[in-house]
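Novice: build the 3D model from these lines:
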Amino acid sequence: MKLSVIIVSYNVKDFLRHCLDAVERAIAYAQLSAEVIVVDNQSTDGTAEELADSYEKLNFILNPENRGFAKACNQGAALATGEFILFLNPDTLIPPDSLKDCISFIASRPDAGAIGVRMVDENGNFLKESKRSFPSPVVSFYKLFGMAALFPRSRIFARYYLGHLSENEDHPVEILSGAFMLIRKTVFEKTGGFDERFFMYAEDIDLSYRITKDGYRNYYFSGCTITHFKGKSTAKDIRYVKMFYRAMVVFAVKYYGSHNPYTYFLKAGIWTRAVLSATRIFFRNIFSSR
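Specialist: The predicted structure is shown next:
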C-alpha cells in the first residue's frame with residue numbers, strides 16, 4: 001500500500017462527503033494503491049448513517065465518544081498500512097493531481113519527514129498557517145503582541161508565519177498544518193505520533209517540531225494548492241477559544257517547563273489574547289442576534 005489517508009470528522013457531514021469525493025478522484029488520477037480511513041468522533045449529524053457505506057474502499061471507524069483530534073489520528077494511523085500517511089481535515093478540497101505531485105515531491109527528498117502544501121480559503125486567499133516556524137518565546141512575543149501583523153513580511157517580526165518566504169516557492173520549514181500533513185509512516189512511528197495530551201489544536205505544531213528534532217526536514221510544497229474551508233469543522237465560540245489557548249499553554253509547559261520564566265510570560269500573553277478573543281466573540285454574538 002502506497003498511501004493511507006486519515007480523516008478525523010466531527011459533525012461535518014457535507015464537508016466530509018465533498019472531501020471524500022475529491023480524495024477518490026485524486027487517488028484515481030494518481031493510480032495509487034491507497035486506503036481511506038475516517039475516524040468519526042461521535043458525530044450527531046447523521047455522518048455515520050449517510051456516509052459509512054457510501055464509499056467502496058472506505059474504512060469508517062465510529063468512536064463512542066469524542067476522543068479529540070490527536071487521539072483519533074493515532075487511532076487511524078494504527079490501522080494504516082501505507083508507506084505514506086496523509087492526515088487531512090474534512091473541510092478541505094484537494095485537486096486531482098495533488099496526491100501524485102505530493103508523493104513525488106516527498107519521495108524525491110530523502111531528508112523529508114513530512115510535507116505541507118499551499119492552502120487557500122474558499123475565496124482563494126492564502127492561509128498563512130501553511131508555513132510556520134517553531135513558536136519560541138521571542139517568536140511568540142511578536143505574534144501575541146501584534147508585531148507580526150504590523151510587519152507581515154519581516155524576517156524578524158513575522159517569523160511565526162515565515163512572512164519573508166514566498167508562498168509560491170518551496171521551502172524547508174519547521175511547522176506544518178495538520179489540515180494537510182503528508183508524512184512517511186516510518187517517521188510517524190519513530191516520533192511516537194501525535195501527543196494525546198492535546199485534545200485539539202497545537203498537536204500539529206508539536207509533531208512537526210519532533211520530526212525536526214529527530215533529524216528530518218519538514219517542507220512547504222508550493223506546487224500543490226488545496227482549499228481549506230478554515231474553521232468550518234470547529235465552531236468559533238468561547239469554548240473554542242478556551243480549547244485553543246489551553247492547548248498553547250500545554251505546549252509552552254511541555255517545552256519550557258511549568259516554572260520557566262518564559263512559560264510565565266507565554267501564559268500571560270496567551271491568556272491575555274484568550275480574554276480579548278472571548279470578549280470579541282461575546283459582543284459579536286450579542287450584536288448578530290439583534
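
Novice: so I94 sits against E24, correct?
Specialist: No: at 10.5 Å, I94 and E24 do not qualify as touching, with contact defined as Cβ atoms under 8 Å. Any C-beta I mention is one placed from the backbone N, CA and C, and that applies to glycine too.

Novice: what does stretch 88-98 contact?
Specialist: Contacts with stretch 88-98, where a contact means Cβ atoms under 8 Å, 6 or more residues apart in numbering, come from 5-9, 12, 15-16, 18-19, 22-23, 25-26, 29-30, 117, 119, 178-180, 224-233.

Novice: list only buried entries from these.
Specialist: Of the members of these, the ones counted as buried by neighbours, 16 or more other Cβ atoms under 10 Å, are 5-9, 12, 15-16, 18-19, 22-23, 25-26, 30, 117, 119, 178-180, 224-230, 232-233.

Novice: next one: the strand or helix carrying L16 to chain centre, how far?
Specialist: For L16, the element it lies in under DSSP states H and E is helix 13-30. With Cα atoms, centre = their mean, to the nearest Å as the basis, helix 13-30 stands 18 Å off its chain's centre.

Novice: now do stretch 192-210
Specialist: 10 Å.

Novice: how about that stretch: buried residues?
Specialist: 193-210.

Novice: check stretch 52-66 too.
Specialist: By 16+ other Cβ under 10 Å, the buried positions in stretch 52-66 come out as 55, 58-61, 63, 66.

Novice: tabulate the residues you listed in TSV, adding columns for secondary structure and distance to N89.
Specialist: Output for the buried residues of stretch 52-66, formatted as TSV (DSSP: H, G, I helix; E, B strand; the rest coil; distance: Cβ to Cβ, whole Å):
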residue	secondary structure	distance to N89
Y55	coil	17
L58	strand	17
N59	strand	18
F60	strand	17
I61	strand	16
N63	coil	17
N66	coil	16
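
Novice: that older thread, look at I94 and E24 and report which has more neighbours.
Specialist: Just comparing I94 and E24: by other Cβ atoms under 10 Å the higher neighbour count belongs to I94, 23 against 18.

Novice: how close does the more buried one sit to E122?
Specialist: 14 Å (Cβ to Cβ, to the nearest Å).

Novice: name the SS class of the residue nearest to M147 when sequence neighbours are not counted, please.
Specialist: Spatial nearest neighbour of M147, chain neighbours left out: F157 (4.3 Å); criterion: Cβ to Cβ, 6 or more residues apart in numbering. With DSSP: H, G, I helix; E, B strand; the rest coil as the basis, F157 sits in coil.

Novice: tell me the contacts of F157?
Specialist: F157 makes contact with 142, 147-148, 150-151, according to Cβ under 8 Å, 6+ apart.
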